[in-house]
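**Student:** give me a model of this one.
(chains A and B)
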Amino acid sequence: QQKVQQSPESLIVPEGGMASLNCTFSDRNSQYFWWYRQHSGEGPKALMSIFSNGDKKEGRFTAHLNKASLYVSLHIKDSQPSDSALYFCAVSIGNYAQGLTFGLGTRVSVFP
Amino acid sequence: DMKVTQMPRYLIKRMGENVLLECGQDMSHETMYWYRQDPGLGLQLIYISYDVDSNSEGDIPKGYRVSRKKREHFSLILDSAKTNQTSVYFCASRGQESSYEQYFGPGTRLTVL
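**Tutor:** Presented below is the predicted three-dimensional model:
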């Protein structure tokens, strides 16, 4: 069964700083990788996806994928207080029945 | 705009009472999910529904059942609620595209006294 592990559990970042979130997964057949963000009192929302090895940049967010190393990461540049949230890594092997497997999350706190 | 709704948003029940949590989506998505979220435990999958009357247990189905009689509506039922079912419950739906993106509702905070 797919296992998705995230580190660190929590992260404190100064405003304007860089936040780096890590995620490892166990199934080498994994194909689809998502980062979700959940603000307090809300449901998780998809932040970005990455499906091919390498980097993908969307604004201040950059995702990195290395399937051979079973590793995906998210970097938040120029962190803002509004980036304070719980971030989930989610992985799918492309099995219709199973969908996404979520990690436990990394809590990011950005202080002014 | 794609939307998943949940009702009620907050609910307080006594142990042994029945609970009905409701979820709707306006995207005609076939697949829907119920999760619960507890501190430090992430999102735990309770049930999956692949379409009307086509439901499958997730990782923690014990104490729960579901009903899906219309594609846009998915209910979670707790028969005789227990205090350890106090949690935040999220419904999600999955788009038809192959990217497996899930859309989540705002959640229902359930307290069982």
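
**Student:** got the residues of chain B near chain A?
**Tutor:** Residues of chain B lying close to chain A (C-beta under 8 Å from any C-beta of the partner chain) are B:4, B:31, B:33, B:40-43, B:48, B:50, B:56, B:90, B:92, B:94, B:98-107. Bear in mind the C-beta positions are built from the backbone N, C-alpha and C, glycine included.

**Student:** which of these are buried, as a PyMOL select command?
**Tutor:** Applying 16 or more other C-beta atoms under 10 Å in any protein chain shown to these leaves a buried subset, and the PyMOL line that selects it is:
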select buried, chain B and resi 4+31+33+42+43+48+90+92+94+100+101+102+103+104+105+106+107
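
**Student:** among the residues of chain B next to chain A, which lie within strands?
**Tutor:** B:4, B:31, B:33, B:42-43, B:48, B:50, B:56, B:90, B:92, B:94, B:102-104 (DSSP state E).

**Student:** pull the helix or strand with minimum mean pLDDT from chain A.
**Tutor:** Here the helix or strand of chain A ranked lowest by mean pLDDT, DSSP states H and E is strand A:101-102, holding a mean of 92.

**Student:** just the CA coordinates for the next helix or strand after that one, please, in PDB.
**Tutor:** Later in the chain than strand A:101-102, the nearest helix or strand by DSSP states H and E is strand A:106-111. Provided in PDB are the C-alpha atoms of strand A:106-111 (Å, rounded to 0.1, in the frame of the first residue of the first chain):
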ATOM      1  CA  THR A 106       3.500  20.200   7.000                       C
ATOM      2  CA  ARG A 107       2.300  23.200   8.900                       C
ATOM      3  CA  VAL A 108       3.900  26.400   7.700                       C
ATOM      4  CA  SER A 109       3.900  29.500   9.800                       C
ATOM      5  CA  VAL A 110       5.100  32.800   8.200                       C
ATOM      6  CA  PHE A 111       5.800  35.500  10.700                       C
END
